[in-house]
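A.B. asks: The sequence isn't on hand, but the structure is:
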Ligand code: MN3
């Protein structure tokens, strides 16, 4: 099945004045659409890869033929990152998170202010085009990471919770070269409910991994016991 451009979870203009309507239209309808189109074009004739999700493709790039590997990496990456970026914004966003997410941020960074300053610094100082992420590691600890191009931190075993696009096309129609102003404005539309839901999903995934490990080791013990019985 061909990949499809997801609709925005809100209207183009609702993030005004922080993110302008024209940028949202061009960014979603032109840039994101192009990544989807280029991904589908790259996968043409490769039926075995067409049903895989963007994340599955990124996690198993070694199984993608070399001739289309770079195209798949860039365009599956672009499709995945933009899909998350739209969800991470909301006209009801901004302010500070509360509950478990606020606790996790305090645990990992000391305070929300310290986290926000570190994320802003990483975004403002990032050289060239890429993405700034808040991720959970396999221990459940939060960290800020950056990726070049459209690379995704899942390939490094991290679970993305929040992402900011610092490609120039994300802000140049309104902010021109003033990336710092764009980042400052973006904080007003961050959808903390979505970030909190991503953290919950990450915790569930981590918990399930632990259950799987426990089941595997229990099974191994059971098998070893059965082996012994067989031999006696
Ligand atoms: Mn973009």
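C.D. replies: Sure, I can see it. Since the structure is predicted, the reported quantities are computational estimates derived from the model, not experimental observations.
A.B. asks: All the strands of the protein, residue numbers only.
C.D. replies: Here the chain has its strands, by DSSP state E, at 130-136, 142-148, 159-165.
A.B. asks: so what's residue 231 scoring on pLDDT?
C.D. replies: In the prediction, the pLDDT value recorded for residue 231 is 68.
A.B. asks: thinking again about what came up before, of all the strands of the chain, which one comes closest to the ion?
C.D. replies: Minimum separation from the ion across the strands of the chain (C-beta to the ion) falls at strand 159-165, 4.2 Å. The way it works is simple: take the backbone N, C-alpha and C, and place the C-beta from them, glycine included.
A.B. asks: hang on, the earlier thing: closest to residue 102 out of the strands of the chain?
C.D. replies: Closest to residue 102 of the strands of the chain, according to C-beta to C-beta: strand 142-148, at 11.3 Å.
A.B. asks: Point to the residue nearest the middle of the protein.
C.D. replies: By C-alpha atoms, centre = their mean, the chain has its centre lying nearest to residue 160, at 4.4 Å.
A.B. asks: Would you agree it is in contact with residue 198?
C.D. replies: Yes - counting by C-beta atoms under 8 Å, residue 160 does reach residue 198; the two are 7.1 Å apart.
A.B. asks: Provide the contact partners of stretch 102-109 at residue level.
C.D. replies: The contact list for stretch 102-109 (C-beta atoms under 8 Å, 6 or more residues apart in numbering) reads 96, 97, 111, 112, 115, 118, 136, 140, 141, 142, 143, 199.
A.B. asks: buried set for it?
C.D. replies: 102, 104, 105, 108, 109 (16 or more other C-beta atoms under 10 Å).
A.B. asks: Helices - which of those land there?
C.D. replies: Among the buried residues of stretch 102-109, the members found in helices (DSSP state H) are 102, 104, 105, 108, 109.
A.B. asks: Show me which residues of the protein sit near the ion.
C.D. replies: 165, 167, 170 (C-beta under 5 Å from the ion).
A.B. asks: what sits against the nearest residue to residue 190 once chain neighbours are set aside?
C.D. replies: Of all residues beyond its chain neighbours, the one nearest residue 190 is residue 93 (4.9 Å), with distances taken as C-beta to C-beta, 6 or more residues apart in numbering. Counting by C-beta under 8 Å, 6+ apart, residue 93 touches 188, 189, 190, 191, 192.
A.B. asks: Show me the protein divided up by domain.
C.D. replies: 20-87, 91-232 (automatic domain parsing).
A.B. asks: Please compute how far the longest one lies from its chain's middle.
C.D. replies: Here domain 91-232 shows a centroid-to-chain-centroid distance of 7 Å under the convention C-alpha atoms, centre = their mean, to the nearest Å.
A.B. asks: ok, back up a step: okay, the domains of the chain in a markdown table with distance to residue 10 next?
C.D. replies: Output for the domains of the chain, formatted as a markdown table (distance: least, C-beta to C-beta, whole Å):
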| stretch | distance to residue 10 |
| --- | --- |
| domain 20-87 | 8 |
| domain 91-232 | 6 |
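A.B. asks: Return the most buried member of those.
C.D. replies: domain 20-87 (a mean of 17; mean count of other C-beta atoms under 10 Å).
A.B. asks: can you give me the helices in this structure?
C.D. replies: Going by DSSP H, the chain shows helices at 21-25, 33-43, 47-50, 54-59, 66-87, 99-109, 112-125, 172-175, 179-186, 192-231.
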